[in-house]
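Visitor: just a sequence and a predicted model for now, questions to come.
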Amino acid sequence: MPFVETLSDAVKPWSELYSHSKVVSVAVTFAHLGALLVGGGIAVAADRSTLRVAAGDADAERRHLLDLAGTHRVVIGALVVTVLSGVLLFASDVETFAVSLVYWSKMALVLALLGNGLLMQRAERGARWGALRRSAVISLALWLLITLLGVVLVEAA
């Protein structure tokens, strides 16, 4: 594939640095996994809390919606670090990742997670609890599937 070869050539200095420096590879991998742990962990905890709020308990719902507003800032920040470090990981071995069905499936799930996050924020603003609970369930599933595909990707590479 000419595009893959061209991209691989363009990032070759990074790829060589990454493959020859344990410090660099560990730092990038830690940034990726650490951000995934923070963002995913907080998101999973928030999703669990969303599912536990008693339907019709106006005070609990109001408190939870206030908590969620702060949660999204942290999760989005962690996702930014995850995406940036993911780009560096991709660039470390373009020829492997660019043609990997597992990689592109993971990226599709990341896009689905981001879309679900937008839907979740809209449901929060409108205090639409049915939609919010559905988004929480979808979020839980997507975080787990993305993590699974990340493991498969590492094992397959």
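Guide: Arrived safely, thanks for sending. Numbering: from 1, shown residues only.

Visitor: in this structure residue 18 contacts residue 88, no?
Guide: Yes - taking CB atoms under 8 Å as the contact criterion, residue 18 and residue 88 are neighbours in contact, 7.4 Å apart. Glycine gets a C-beta too; all of them are placed from N, C-alpha and C.

Visitor: now stretch 41-50: buried residues?
Guide: 42, 43, 44, 46, 47, 49, 50 (16 or more other CB atoms under 10 Å).

Visitor: likewise stretch 90-105?
Guide: Counting neighbours by 16+ other CB under 10 Å, one finds that the buried residues in stretch 90-105 are 90, 91, 92, 93, 94, 97, 98, 100, 102, 103.

Visitor: and what of stretch 71-90?
Guide: Neighbour counts over stretch 71-90 (16+ other CB under 10 Å) mark 71, 72, 75, 78, 79, 81, 82, 85, 86, 88, 89, 90 as buried.

Visitor: please apply the same query to stretch 137-144.
Guide: Using 16+ other CB under 10 Å, the residues of stretch 137-144 that count as buried are 138, 139, 140, 142, 143.

Visitor: pick the one among those closest to residue 9.
Guide: Set against residue 9, the nearest of those by CB to CB is residue 142 (34.0 Å).

Visitor: wait, isn't the closest one in contact with residue 116?
Guide: Yes - the pair residue 142 / residue 116 is scored as a contact, 6.3 Å apart, by CB under 8 Å.

Visitor: sorry, back to before: looking at the buried residues of stretch 41-50, which are in helices?
Guide: When helices are assigned by DSSP state H, the members of the buried residues of stretch 41-50 inside them are 42, 43, 44, 46, 47, 49, 50.

Visitor: may I ask which helix or strand encompasses the closest residue to the second one other than its chain neighbours?
Guide: Among residues not flanking residue 43 along the chain, residue 75 sits closest, at 4.9 Å (CB to CB, 6 or more residues apart in numbering). When secondary structure is defined using DSSP states H and E, the element that contains residue 75 is helix 58-92.

Visitor: can you list contacts of the helix or strand that comes right after that helix?
Guide: Remark: after helix 58-92, the chain's next helix or strand is helix 94-97, criterion DSSP H and E. When contacts are defined by CB atoms under 8 Å, 6 or more residues apart in numbering, helix 94-97 is touched by residues 4, 5, 7, 8, 11, 15, 89, 90, 103, 153, 157.
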